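S.K.: only geometry, no sequence info:
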Ligand code: AMP
Ligand code: MG
């Protein structure tokens, strides 16, 4: 006869066996990990998905890969596509049709242009092209003549010139030529995170040359990201990203050209028409990738003295700047998140308090 005691004993033995089996399984496969590297936006984009079955992760990666390829085509500054069609229309004084995604990034670009007082200005495409950065490989030879630069500065193209009415866009200023290179990567990674979330993915990291965006907490170990040393191979600091955070770095070492011993950065100061000087990199920690990417570019233009005000005006609290003499400056909120790159390394960062933001009437148009 089977007694209650026997049943309880049998059930607990099964549970014990199951528990051991699960324990062994978890030890052998701590977390399901699927990785993929894509070549988009002129860079390698690595995506790592955790804690998701392989089939779902693979299907999500195909979906996100196709989306990123499409955004790359639609938002390209110099190859034929939706943005170059719009640029042609603007140059002719006409309007062009765009899809919702392009309209959205342009609206946000107008906000960041306004908040940064024009230091982040995605309307200076003609100037970026004149400096030779509308090409896959770095420009060669001499910089452009000042007589070619000055008329482009004087024409004052700004995002506020855009007339955005739903999906038709025109410009009051025919000198506007759109180049989204300063924040396309951040905006695209934000959209990729949204697409992964729609597949039910909760834990992932997306890494695209200078931009890292995370979802979830990497099981229970935070995603640790290194901030590259602009002067040598290695890192100057590390940051552990919390769920939903992003870190975007803009550096004049990423794309540049050298002429007669002088280095010309691909980040241009719209006020002068010349490449920025005095800084080597700016990193911004935030939860909004488009804003962090735009701000890293804007703070690079602002330079060592002006950057705290522009960060405050853009709503950024965590930023690190490395000047060209190697000095590191960061906001207190950023310093609280920085760790030395290795156990035996030291970290010397000068704290820079943020001023109050200046009043403005900037809004998404
Ligand atoms: P990033 O690496 O994010 O700083 O972006 C640099 C890219 O943004 C350049 O290659 C240009 O395409 C574009 N760009 C350059 N200067 C500016 C600027 N002042 N505002 C907005 N975009 C810019
Ligand atoms: Mg940027």
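M.R.: Looks like it arrived, so ask away. Bear in mind that the values here come from a model prediction, so they are computed numbers and not experimental data. Ligands and ions are numbered 1, 2, ... in the order given.
S.K.: pLDDT on stretch 161-169, on average?
M.R.: Mean per-residue pLDDT for stretch 161-169: 95.
S.K.: in that stretch, what counts as buried?
M.R.: Buried residues in stretch 161-169, counted by 16 or more other Cβ atoms under 10 Å: 161-162, 164, 169. The C-beta positions use only the backbone N, C-alpha and C, and glycine is treated the same way.
S.K.: closest one of those to residue 72?
M.R.: Here the nearest of the buried residues of stretch 161-169 to residue 72, counting by Cβ to Cβ, is residue 169; it sits at 19.8 Å.
S.K.: quick one: what helix or strand has the closest one in it?
M.R.: In the assignment (DSSP states H and E), residue 169 maps to strand 168-171.
S.K.: what helices or strands is the helix or strand just after that strand leaning on?
M.R.: Once strand 168-171 ends, the next helix or strand along the chain (criterion: DSSP H and E) is helix 184-198. Secondary-structure packing of helix 184-198 (3 or more Cβ pairs under 8 Å, 6 or more residues apart in numbering; DSSP states H and E): strand 43-50, helix 54-74, helix 100-115, strand 204-208, strand 211-215, strand 246-251, helix 289-313.
S.K.: any bit of the longest one sitting next to ligand 2?
M.R.: Yes - residues of helix 289-313 are located near ligand 2 by Cβ under 5 Å from the ion, namely 293, 296-297.
S.K.: give the rounded mean pLDDT of that helix.
M.R.: Computed over helix 289-313, the average pLDDT equals 97.
S.K.: try the second one
M.R.: For helix 54-74, the per-residue pLDDT values average out at 96.
S.K.: what does it rub up against?
M.R.: With Cβ atoms under 8 Å, 6 or more residues apart in numbering as the test, helix 54-74 has contacts from 32, 34, 36, 38, 40-41, 45, 47, 49, 52, 79, 81-83, 99, 101-102, 184, 188, 191-192, 195-196, 199-201.
S.K.: hmm, back to that, partners of the strand holding residue 169, with directions?
M.R.: Strand 168-171 sits in its sheet next to strand 96-97 (antiparallel), strand 162-165 (antiparallel), going by DSSP bridges.
S.K.: and of these, who's closest to residue 113?
M.R.: Of all the strands paired with strand 168-171, it is strand 162-165 that lies closest to residue 113, at 9.7 Å by Cβ to Cβ.
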